[in-house]
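A.B. asks: predicted coordinates and the sequence they were generated for:
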Amino acid sequence: MNNRIKGVIFDWAGTTVDYGCFAPVNVFIEVFRKRGVHITLEEAREPMGLLKIDHIRAICQMDRVTKEWEGLHGEEPSEVDVRALYEDFEPMMFRVLENYAEPIPHVLEAVEDIRNKGIKIGSTTGYTKEMVEVVAREAKKKGYAPDSIVASTEVSSGRPLPWMCYANAMNLGVYPMQQMMKVGDTTSDMAEGLNAGMLTVGVVKGSSTLGLTKDQVDAMENTELNARIEKAKRVLTEAGAHYVIEDMSELPGLIDEINQAQESEVAHV
């Protein structure tokens, strides 16, 4: 079978918009701070890519966070606490989302190049439908608009399960899943793509996994930056990524290589 790539499914924050994926991170830190619990940037980022209430649930289950919460509140965080945290999280996110929709460098050019190859563009997200609608509206003003958007709340379960990818495949009319590629910046993106039976690509610059602003990347001494990039690449590779690219400018060329290899393989069958 010719498994030439016919569709690419992108993540949103940290992959196509919001360099460094800072919108949700800052709000996660703030909602816990309101309850007297300090969570680190690393703790806030670790479950990135999950549906946001699942993300809060995952933070609450971290040993250090659980112990600090218990010390302050007399018991471990419960499901009632998770839902109360999320009730704070959601309005805070809506207040800042429109400020975090700037396309990451090379995204617009890569998407244009990919579309010119006749490849369709889908997207999945850990945001709710209402949240991603805000981001998508603002991103469209800046030139980025995928052909399909599926949010975690539009399927029975979000990442790492594959349902959002399957919904995108239906929306785009692409099948089998081997003809689609998932591109994301987190380990949960990699799991989502793998579980959907897709080629899975991790991207480093702009990612939550790297966890740096563009200014930090631009200002950082090369030796330290390269070490951080290599560490992020290892994280994504160990999560199962078939390929890891440094930034989105590499994606069109990677797709060309994969498609050319597929055509060559079919020709020799």
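C.D. replies: Everything's here; your move.

A.B. asks: where does pLDDT dip in this structure?
C.D. replies: The model of the chain has pLDDT under 70 over residues 1, 266-269.

A.B. asks: so where do the strands sit in it?
C.D. replies: Using DSSP state E, the strands assigned to the chain run over residues 7-10, 120-125, 150-151, 180-184, 199-203, 243-245.

A.B. asks: what packs against the fourth one?
C.D. replies: Counting contacts by 3 or more C-beta pairs under 8 Å, 6 or more residues apart in numbering; DSSP states H and E, strand 180-184 is packed against strand 7-10, helix 163-172, helix 187-195, strand 199-203, helix 251-267. (Each C-beta comes from the backbone N, C-alpha and C, glycine too.)

A.B. asks: distance to residue 78 for these - can I get that in JSON lines?
C.D. replies: JSON lines is the format used below for the helices and strands packed on strand 180-184 (distance: least, C-beta to C-beta, whole Å):
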{"stretch": "strand 7-10", "distance to residue 78": "35"}
{"stretch": "helix 163-172", "distance to residue 78": "27"}
{"stretch": "helix 187-195", "distance to residue 78": "24"}
{"stretch": "strand 199-203", "distance to residue 78": "35"}
{"stretch": "helix 251-267", "distance to residue 78": "43"}
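
A.B. asks: which of the ones you listed sits closest to residue 140?
C.D. replies: Of all the helices and strands packed on strand 180-184, it is strand 7-10 that lies closest to residue 140, at 14.2 Å by C-beta to C-beta.

A.B. asks: what strands line up against that closest one, and which way round?
C.D. replies: strand 120-125 (parallel), strand 180-184 (parallel) (DSSP bridges).

A.B. asks: turn the ones you listed into JSON lines, including distance to residue 53 and mean neighbour count.
C.D. replies: Below are the strands paired with strand 7-10 laid out as JSON lines (distance: least, C-beta to C-beta, whole Å; neighbours: other C-beta atoms under 10 Å):
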{"stretch": "strand 120-125", "distance to residue 53": "14", "mean neighbour count": "26"}
{"stretch": "strand 180-184", "distance to residue 53": "20", "mean neighbour count": "29"}
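
A.B. asks: just put those in TSV and tack on distance to residue 163.
C.D. replies: Below are the strands paired with strand 7-10 laid out as TSV (distance: least, C-beta to C-beta, whole Å):
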stretch	distance to residue 163
strand 120-125	9
strand 180-184	13
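
A.B. asks: closest one to residue 20 among these?
C.D. replies: Short answer: strand 180-184, nearest of the strands paired with strand 7-10 by C-beta to C-beta, at 14.4 Å.

A.B. asks: what's the closest one in contact with?
C.D. replies: 5-11, 14-15, 49, 122, 124, 165, 168-169, 174, 189-190, 192-193, 196, 198-203, 251, 255, 258 (C-beta atoms under 8 Å, 6 or more residues apart in numbering).

A.B. asks: compute the inter-axis angle for that strand and helix 251-267.
C.D. replies: Strand 180-184 runs at 150 degrees relative to helix 251-267, counting by axes from the mean of the first three to the mean of the last three C-alpha atoms, to 10 degrees.

A.B. asks: so what's the gap between strand 180-184 and the chain middle?
C.D. replies: Mean-position distance between strand 180-184 and its chain equals 10 Å (C-alpha atoms, centre = their mean, to the nearest Å).

A.B. asks: could I get it in CSV with only the CA atoms?
C.D. replies: Taking C-alpha atoms only, strand 180-184 is exported to CSV below (Å, rounded to 0.1, in the frame of the first residue of the first chain):
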residue,chain,number,x,y,z
MET,A,180,-1.4,11.0,8.1
MET,A,181,1.3,12.6,10.3
LYS,A,182,1.0,14.0,13.8
VAL,A,183,3.2,16.9,14.7
GLY,A,184,3.4,18.1,18.3
